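**Student:** okay, predicted coordinates and the sequence, questions at the end:
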Amino acid sequence: MSAVKFDEGRLMSVLVAPIVSEKATMVAEKSNAVTFKVLQDATKPEIKAAVELMFKVEVKGVSVVNTKGKTKRFGKNIGRRDNIRKAYVTLQPGQELNLSGEAA
């Protein structure tokens, strides 16, 4: 499947930010997957098309996790953090995605 059936402007906004954490790094090393924070209403085919369009790599699969925002107190006030939708994008064997910005 290619990015033909999706709006390119929408695809450019689907990926919000890469997630760089200890867990994300372990997943990247173990299963050749990259983790992104994505829009709440993003679908798996949209995420796949967005990664292929923006990074010019072949995607093997996409797994999505919805995380509820924590309830936190700010002095007397009770607030809530935003809900987060994470996408674990598994790349085809031999594909590599460099998020650090360094030239390979």
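**Tutor:** On my side now, so go ahead.

**Student:** quick one: distance of the helix or strand hosting Lys23 to the chain centre.
**Tutor:** For Lys23, the host element (DSSP states H and E) is helix 22-31. Taking Cα atoms, centre = their mean, to the nearest Å, one finds the center of helix 22-31 at 13 Å from the center of the full chain.

**Student:** also stretch 47-62?
**Tutor:** Distance, centroid of stretch 47-62 to centroid of chain: 10 Å (Cα atoms, centre = their mean).

**Student:** pull out the buried residues from that stretch.
**Tutor:** By neighbour count on 16 or more other Cβ atoms under 10 Å, the buried set for stretch 47-62 is 47-53, 55, 57, 59, 62. C-beta: built from backbone N, CA, C; applies to glycine.

**Student:** thinking again about what came up before, put the alpha carbons of the helix holding Lys23 into PDB.
**Tutor:** Taking C-alpha atoms only, helix 22-31 is exported to PDB below (Å, rounded to 0.1, in the frame of the first residue of the first chain):
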ATOM      1  CA  GLU A  22      14.800   3.700  27.800                       C
ATOM      2  CA  LYS A  23      11.900   1.400  26.900                       C
ATOM      3  CA  ALA A  24      11.700   2.800  23.400                       C
ATOM      4  CA  THR A  25      15.500   2.200  22.900                       C
ATOM      5  CA  MET A  26      15.300  -1.400  24.100                       C
ATOM      6  CA  VAL A  27      12.400  -2.100  21.700                       C
ATOM      7  CA  ALA A  28      14.300  -0.500  18.900                       C
ATOM      8  CA  GLU A  29      17.400  -2.700  19.500                       C
ATOM      9  CA  LYS A  30      15.400  -5.900  20.000                       C
ATOM     10  CA  SER A  31      12.800  -5.800  17.200                       C
END
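
**Student:** next one: phi and psi at Leu53?
**Tutor:** With angles defined as degrees, to the nearest 10, Leu53 sits at phi -70, psi -50.

**Student:** now swap in Lys76 and tell me
**Tutor:** According to degrees, to the nearest 10, Lys76 has phi -80, psi -20.

**Student:** what's the neighbour count on it?
**Tutor:** Neighbours of Lys76 under the rule other Cβ atoms under 10 Å: 5.

**Student:** quick check: the closest residue to Ile78 other than its chain neighbours vs Phe6, distance?
**Tutor:** Leaving aside its chain neighbours, Ile78 sits nearest to Thr71 (6.4 Å; criterion: Cβ to Cβ, 6 or more residues apart in numbering). According to Cβ to Cβ, to the nearest Å, Thr71 stands 35 Å off from Phe6.

**Student:** that's all I had, so thanks and see you.
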